[in-house]
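Asks: model this:
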Amino acid sequence: MRILILIIIILINFNPKASATHIMGGEVYYECLDPATNKYRFTVKLYRDCYNGVPAFDDPIFVSLYDTNDNLVIKFNMALPPDDTLDNNTYNVCLYSPPDICVHEATYQEDFFLPPGEFYMTYQRCCRTIFVLNLDTPQVAGYGFDIRIPDSSEAYCNSSPYFNNNPPTITCLNEPFAYDHSATDPDGDSLVYYLCTPNEYNTSVPPSGLGIIPDPPGPPSSNYDVTYLFPYESAYPIWAPNDSFVIDPVTGWMTGTPTQSGNYVVAVCVSEYRNGIFLSTNTRDFLFSVAQCLSDPNLGFMVQPDPCDNLKVNFMFTGNNAVQSFFWDFGDSSTNLDTSVLQNPSYTFPDTGTYQVMLVVNQDYTCADTLTINVTPPNALMANFSLVSCSGDTVVFQDESVTNAYAGSITSWTWNFGDASSSTAQNPSHVYASAGTYSVMLITTTANNCVDTIQVNVVTGPCEIIGQKELAEKDFEFSIYPNPSRGQFNIDFASAKPLNNIELKIYSADGKMVYSKLLVARKNNNRYLIVLEEMQNGVYFLKIVTDGEVATRKIILQ
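Replies: So this is what the prediction gives:
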């Protein structure tokens, strides 16, 4: 018979749009804003399941104020504010929540001027989720909230206590739980904490009940205690036979160790007293989700070179949220300052090459973990060009700029020839009106709007001739390989110190300059690849000038 009645109640009240099985709990409280005008701010906090809740938060909600004789004094609406998603804090640095836990919070507020007297604020809504282990028929049990507003003769312009922290969205199975359930009383009244019994109300269709969405909500006398399934009760709301959940009556510190997964309705009450006289009780009614938490931080990070900042690399941590601290070592042996404690740091490496980057998480905890990977910063965008100026005053410029995949391909070239002339061709030619020295500038821009500039002094005039005496000069060491070559060879300087910019010129066997290029100095990398195109096979002489020193070598193209 009881089952039949329950089925009838469910069918009568079933409305997929209105029946709010999404609600996970809430609380109501108030604050006195102006004692001269008796202005109060009333607050209703509600929590809902992000994934399984139907429908969304109500807009608006209905709130009532009753006097001590259950007479309705004020009924008002509260509009839906923007909602927030709560952090899934396990309160254990080495554990994190499974991905299917998500709770939204909405904080409704409204200001009203109250007449003199004692009142009760009420809010009611159906229904709770069916997936509850500790209640009897939770799917037809609503939420019933009420809170007392004492008369000014008892407590002048009283404000009720409110809880400081969001409720715990996840409670880890078989793990000790410790949570700060403390509250603040704006008036400094004495607070007492305890586990209490949540309220429900008659959700039947009026007039026998108040319905799914009471408008107005009923008086506080219409609320009554939920019915627990044995062995649960207000003092034992969660299955934890070895370490039952308790709350410190003075601090609000809540502890316990759950040993069975599932959803449990839990109510925490905080009562305020002034000079030993009871004023009000704020009841937080919330659905505790006990689940198996995860302990592996699932280390990983992305490496994203900065497209425009030479040798700068951005690092992004891609693990889960069971991480409390980060320590990065970027493997730069040239300095002791190559570390960071940020979650997503950036680092500018001194040069190209391969670096061992190490990430240590939770360094000071038992769940510390380490990941090391090799990181190779790409060659940076670098504007560069060579030139040939052996045909009178005509100079042929050859773009030799380099880029990388992050900067994108070079899309524009802007040349300033130093005589008020310019060009946007990639490989322009230019005739100077007279011989002389001109400051030539090349600006390159890539598809990702990265820009680099090089400026070189160019000497124009008759073709330069190299003398046999000059071929014998040799003031520093460098090697050329392969030699002979097929038009591509490396120049490797023996000097360990960074060279200044290097002037490279190549002469034919009869002493005429046929190639000229400025090699931009690099730190910790003194090797350059030279590519000679459209030059005939034969013997050539290579001349290098840097730091006021001159050296030459014979090269053979074949």
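
Asks: Could you use CA atoms for every contact and neighbour count after this?
Replies: Fine.

Asks: And the helices in the stretch 1-150 of the chain?
Replies: Using DSSP state H, counting those that start in this stretch, the helices of the stretch 1-150 of the chain run over 2-13.

Asks: What segments of it are strands?
Replies: 23-34, 39-49, 61-66, 72-78, 84-85, 103-113, 119-125, 143-149 (DSSP state E, counting those that start in this stretch).

Asks: And those strands: which comes nearest residue 343?
Replies: strand 84-85 (21.3 Å; C-alpha to C-alpha).

Asks: Relative to the closest one, what are the paired strands and their orientations?
Replies: strand 103-113 (antiparallel) (DSSP bridges).

Asks: Let's test this: mean pLDDT of the partner strand, rounded?
Replies: The pLDDT scores in strand 103-113 average 94.

Asks: Equivalent analysis for stretch 42-59, please.
Replies: Mean pLDDT, stretch 42-59: 85.

Asks: picking up where we left off before, can I get the strands of the stretch 1-150 of the chain in a markdown table with distance to residue 217 and mean neighbour count?
Replies: Formatted as a markdown table, the strands of the stretch 1-150 of the chain follow (distance: least, C-alpha to C-alpha, whole Å; neighbours: other C-alpha atoms under 10 Å):
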| stretch | distance to residue 217 | mean neighbour count |
| --- | --- | --- |
| strand 23-34 | 13 | 23 |
| strand 39-49 | 13 | 20 |
| strand 61-66 | 6 | 23 |
| strand 72-78 | 8 | 16 |
| strand 84-85 | 25 | 13 |
| strand 103-113 | 16 | 18 |
| strand 119-125 | 6 | 26 |
| strand 143-149 | 9 | 26 |
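
Asks: and the residue nearest to residue 41 when sequence neighbours are not counted, how far is that from residue 214?
Replies: In this structure, residue 41 finds its nearest non-sequential neighbour in residue 111, 4.3 Å apart by C-alpha to C-alpha, 6 or more residues apart in numbering. Going from residue 111 to residue 214 by C-alpha to C-alpha, to the nearest Å gives 21 Å.

Asks: what's the answer for residue 399, then?
Replies: On the measure of C-alpha to C-alpha, residue 399 and residue 214 end up 78 Å apart.

Asks: circling back: out of the strands of the stretch 1-150 of the chain, nearest to residue 182?
Replies: With C-alpha to C-alpha, the closest approach to residue 182 among those belongs to strand 23-34: 13.9 Å.

Asks: Now do the same for the closest residue to residue 150 other than its chain neighbours: its pLDDT.
Replies: Spatial nearest neighbour of residue 150, chain neighbours left out: residue 118 (4.8 Å); criterion: C-alpha to C-alpha, 6+ apart. Here the pLDDT value assigned to residue 118 is 96.

Asks: now swap in residue 2 and tell me
Replies: On pLDDT, residue 2 comes in at 38.

Asks: Longest strand in the chain, by number of residues?
Replies: Looking across the chain with DSSP state E, the single longest strand is strand 277-291.

Asks: Packing partners of that strand?
Replies: strand 23-34, strand 143-149, strand 171-172, strand 262-274 (3 or more C-alpha pairs under 8 Å, 6 or more residues apart in numbering; DSSP states H and E).

Asks: what about residue 133, neighbour count?
Replies: Neighbours of residue 133 under the rule other C-alpha atoms under 10 Å: 20.

Asks: Against residue 188, how distant is it?
Replies: Distance, residue 133 to residue 188, using C-alpha to C-alpha: 38 Å.

Asks: Kindly report the same for residue 295.
Replies: Going from residue 295 to residue 188 by C-alpha to C-alpha gives 41 Å.

Asks: Over to residue 138?
Replies: Using C-alpha to C-alpha, residue 138 is found at 37 Å from residue 188.

Asks: more crowded one of the two?
Replies: The neighbour count for residue 138 versus residue 188, taken as other C-alpha under 10 Å, is higher for residue 138 (22 against 12).

Asks: Show me how the record splits the chain into domains.
Replies: The chain resolves into domains spanning 2-291, 311-375, 385-557 when parsed by automatic domain parsing.

Asks: between these, which one is nearest to residue 305?
Replies: Among the domains of the chain, the nearest to residue 305 by C-alpha to C-alpha is domain 311-375 (4.0 Å).

Asks: average model confidence for the closest one?
Replies: Across domain 311-375, the average pLDDT comes to 89.

Asks: So what's the gap between it and the chain middle?
Replies: The chain centroid and the centroid of domain 311-375 are separated by 17 Å, computed with C-alpha atoms, centre = their mean, to the nearest Å.

Asks: Now the terminal residues of it, how far apart.
Replies: End-to-end distance of domain 311-375: 11 Å, with C-alpha to C-alpha as the criterion.

Asks: Next: stretch 109-122.
Replies: End-to-end distance for stretch 109-122: 14 Å, by C-alpha to C-alpha.

Asks: Now do that stretch: everything it contacts.
Replies: By C-alpha atoms under 8 Å, 6 or more residues apart in numbering, the surrounding residues in contact with stretch 109-122 are 37-44, 63-68, 78-79, 144-152, 217-220.

Asks: for stretch 262-274, same thing?
Replies: Residues from elsewhere that reach stretch 262-274 (C-alpha under 8 Å, 6+ apart): 131-135, 160-161, 183, 185, 189-198, 234, 237-238, 278-291.

Asks: Can you select the buried ones among those residues for me in PyMOL?
Replies: Buried residues among these (16 or more other C-alpha atoms under 10 Å), as a PyMOL selection:
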select buried, resi 132+133+134+135+160+161+183+185+189+190+191+192+193+194+195+196+197+198+234+237+238+278+279+280+281+282+283+284+285+286+287+288+289+290+291
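
Asks: re the thing from before, neighbour-wise, which of residue 399 and residue 214 wins?
Replies: residue 214 (20 against 17).

Asks: hang on, that one packs against residue 143?
Replies: No: using C-alpha atoms under 8 Å, residue 214 makes no contact with residue 143, being 10.9 Å away.

Asks: shared neighbours of those two, which are they?
Replies: Common neighbours of residue 214 and residue 143 (criterion: C-alpha under 8 Å, 6+ apart): 124, 125.

Asks: I'd say residue 174 and residue 243 touch.
Replies: No: with contact defined as C-alpha under 8 Å, residue 174 does not count as touching residue 243 (10.1 Å).

Asks: more crowded one of these two?
Replies: When residue 174 and residue 243 are compared for neighbours, residue 174 comes out ahead with 17 against 14, by other C-alpha under 10 Å.

Asks: how about the more buried one, what does it touch?
Replies: So residue 174 contacts 257, 258, 259, 260, 292 (C-alpha under 8 Å, 6+ apart).

Asks: hang on, the fourth one packs against residue 289?
Replies: No: contact between residue 260 and residue 289 fails when scored by C-alpha under 8 Å: they sit 10.4 Å apart.

Asks: number of nearby residues for the closest residue to residue 142 other than its chain neighbours?
Replies: Distances taken as C-alpha to C-alpha, 6+ apart put residue 126 closest to residue 142, at 4.0 Å, once the chain neighbours are dropped. A total of 29 residues lie near residue 126 under the criterion other C-alpha under 10 Å.

Asks: isn't residue 126 right up against residue 138?
Replies: No: the pair residue 126 / residue 138 is not scored as a contact, 10.0 Å apart, by C-alpha under 8 Å.

Asks: Right, I'll leave it there.
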